[in-house]
Structure formats: C-alpha cells, structure tokens
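Asks: here is a sequence with its predicted model. Questions after.
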Amino acid sequence: MRKLLFEALVSKTVTEPAPDDAEVAALAATLDASARRRLGRSLSIRAVDAGSCNACELEIHALNNAFYDLERFGIRFVASPRHADVLLVTGPVTRNMAEALMRTWTATPDPKWVVAVGECAAGTGVFADSYACVGAVSRVLPVDLVIPGCPPRPIELLKGLLALLAAR
Ligand code: SF4
C-alpha cells in the first residue's frame with residue numbers, strides 16, 4: 001500500500017499527456033487570425049451531441065482545459081446556436097435527435113459551417129447500422145468538414161477548424 005501511494009505521488013499524470021505547447025500555440029494563433037480575417041471577429045462554436053457515446057465530447061471539452069485553453073485565442077464555445085459560427089456535431093444522428101439538430105442548424109445565423117466530429121458523425125462508426133440512428137450528420141445537414149477519429153484528439157480538432165477557415 002505504501003509503495004502504491006509513493007508511486008502515485010511521484011509518477012506523472014497519464015490521463016492527459018501534455019500537448020506540444022508550441023504546436024498548440026501556433027495552431028490557435030493561426031486559427032484566431034483566420035477567424036478575424038474571415039469573420040471580422042473571433043470564432044464561436046456550438047457543440048451538438050446528436051447521439052454520441054460522449055468520448056468525442058471529452059476530447060472537445062479538453063480544448064477548454066489548462067493545456068489547450070482555447071479562449072485565450074478568442075475561440076470560444078457558446079451556449080446558443082444563435083451566437084455560433086460553427087456547429088460541431090458528434091455522434092451518429094439518432095432518430096430522437098434529428099429534428100433537434102435541424103432546428104439548431106436553422107437557428108444558427110449565416111454564414112455558418114457544420115463540422116462532423118468523429119467516425120460516428122461521418123457515418124462510419126460503431127453505431128452506423130443501429131435501428132435507432134438516422135446515420136451520418138450529412139444525412140440531416142450540409143456538412144462542410146469531417147474530422148475523423150474515434151474519438152479525434154484535441155489537436156486534430158484544432159487542425160480541422162483551421163482547415164475549415166482556410167478553405168472558406
Ligand atoms: S466516434 Fe467513437 S468516440 Fe465518437 S461518438 Fe462515435 S464511438 Fe464515441
């Protein structure tokens with residue numbers, strides 16, 4: 001027991017490997033600059049869970065943790081689609097969530113973009129053939145970008161948002 005306690009005190013955390021600070025800073029700064037150039041202001045994101053297992057959400061939440069700290073670059077998550085530029089949609093769209101997802105998209109002002117996050121949102125995940133799912137986000141909404149992964153890492157999410165702004 002004493003040995004376990006000692007190991008826990010001296011070992012590094014393994015739940016959140018520290019990202020490369022320089023890479024994150026460079027990506028986030030470029031994202032911020034692109035958002036300001038394209039939109040005239042910072043980027044606002046509304047996350048929508050359309051039926052995910054929640055692992056994709058954990059990675060999205062990590063963008064706000066002390067390692068990534070997205071808000072320092074003017075990229076923020078908002079509570080209402082009416083304040084959003086980007087809908088970040090996770091999960092295979094369940095039949096129960098299809099209408100809510102469509103209403104969220106309708107409530108988001110133009111210009112707006114839809115990013116499908118994860119294999120499920122792309123239509124290729126483990127729940128693809130479930131009777132309870134409509135399927136890929138693109139079966140309900142026009143999708144601008146797919147970020148693959150199960151789940152995608154926060155750094156992949158950042159790269160995806162950057163690619164989205166660069167392509168617009
Ligand atoms: S892509 Fe993977 S992590 Fe994301 S909702 Fe589907 S099963 Fe979960």
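Replies: Structure received. Numbering: from 1, shown residues only.
Asks: got the contact list for the helix or strand where A26 lies?
Replies: Following DSSP states H and E, one finds A26 within helix 21-39. The contact list for helix 21-39 (Cβ atoms under 8 Å, 6 or more residues apart in numbering) reads 41-43, 67-68, 70, 72-75, 85, 111, 155, 158-159, 161-162, 165-166, 168. Every residue, glycine included, has its C-beta placed from N, CA and C.
Asks: cool, and stretch 77-84?
Replies: Residues contacting stretch 77-84 (Cβ under 8 Å, 6+ apart): 44-47, 64, 70, 87, 104-105, 107-109, 112.
Asks: now do stretch 148-162
Replies: By Cβ under 8 Å, 6+ apart, stretch 148-162 touches 19, 23-24, 27-28, 30-31, 34, 43, 45, 55-56, 58-60, 62-63, 67-68, 75, 86, 88, 115, 117-120, 122, 125-126, 145, 147.
Asks: by mean pLDDT, point me to the weakest helix or strand of the chain.
Replies: Here the helix or strand of the chain ranked lowest by mean pLDDT, DSSP states H and E is helix 21-39, holding a mean of 74.
Asks: number of nearby residues for D21?
Replies: Counted with other Cβ atoms under 10 Å, residues neighbouring D21 total 9.
Asks: same check on the one 3 residues further on?
Replies: Residue neighbour count, defined by other Cβ under 10 Å, stands at 20 for V24.
Asks: longest strand in the protein, by residue count?
Replies: The single longest strand within the chain, with elements called by DSSP state E, is strand 43-49.
Asks: list the buried residues in the very next helix or strand once past that strand.
Replies: Counting by DSSP H and E, the next helix or strand C-terminal to strand 43-49 is helix 55-62. Counting neighbours by 16 or more other Cβ atoms under 10 Å, one finds that the buried residues in helix 55-62 are C56, E57, E59, I60, A62.
Asks: so what strands line up beside the very next helix or strand once past helix 55-62?
Replies: Sequence order places strand 75-77 as the next helix or strand after helix 55-62, per DSSP H and E. The strands that strand 75-77 pairs with in its sheet are strand 43-49 (parallel) (by DSSP bridges).
Asks: pretty sure R139 sits against A128.
Replies: No. Taking Cβ atoms under 8 Å as the definition, R139 is not a contact partner of A128, at 11.1 Å.
Asks: could you pick out which of the buried residues of helix 55-62 are near the ligand?
Replies: Subset of those in contact with the ligand: C56, counting by Cβ under 6 Å from any ligand atom.
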